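> give me coordinates for this.
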Amino acid sequence: MPRTGALADSIAERVDSVVGTVLLPVFFMYIGLLTDMRLVASAGLWDVFAAIMAAAVLGKLAGSALAARLTGMSGRESLAIGVLMNTRGLMELVILTIGLETGVIAPALFSMMVLMAIVTTVMTSPALMAIGIPQHEMPVRSTVGRR
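Numbering: from 1, shown residues only. Okay, here's the model as predicted:
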């Protein structure tokens, strides 16, 4: 497969449309079918879920914000970077699914982790608005060459 050129562009265009319109929605539907929140409720694991949320949000948000601050960004910009980095993505869902299917994680933990991924992704816009940075005005500054 060539990295550049007309053939690579043509193949990528065709694959992207199939992935985006067919495979990705099917994958998310599959994740939804695997997720059973009754397992969390019946076992009384909401306190465990709260601990998972706290660790996920504080760990990623604080680490990202601190790194951004150390590169010279303002406090508000650093916090915005932390909020944006706090979202979870497709790769996490893939890893969780593999863990569930191989028996490494239990179905209840899988459900809690999927819910955590959804909550941390959904909370991004309100969190950005709360710190006073609308999404369309998110500052992007280059730190290349800065010491």
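
> residues near T120, how many?
20 (other Cβ atoms under 10 Å). C-beta here means a position set from N, CA and C on the backbone, and glycine is covered the same way.

> wait, it touches V57, no?
Yes - taking Cβ atoms under 8 Å as the definition, T120 is a contact partner of V57 at 6.3 Å.

> which residues do the two both contact?
Any residue near both T120 and V57 by Cβ atoms under 8 Å, 6 or more residues apart in numbering counts here, and that gives N86.

> any low-confidence regions in the chain?
1-2, 134-147 (pLDDT under 70).

> tell me the domain boundaries of it?
1-34, 36-137 (automatic domain parsing).

> need the winner for burial among these.
Ranked by mean neighbour count, those are led by domain 36-137 with a mean of 15 (mean count of other Cβ atoms under 10 Å).

> state the distance from the most centrally placed residue in the chain to R38.
What sits nearest the mean C-alpha location of the chain, by Cα atoms, centre = their mean, is R88, with 1.1 Å. For R88, the distance to R38 (Cβ to Cβ, to the nearest Å) stands at 22 Å.
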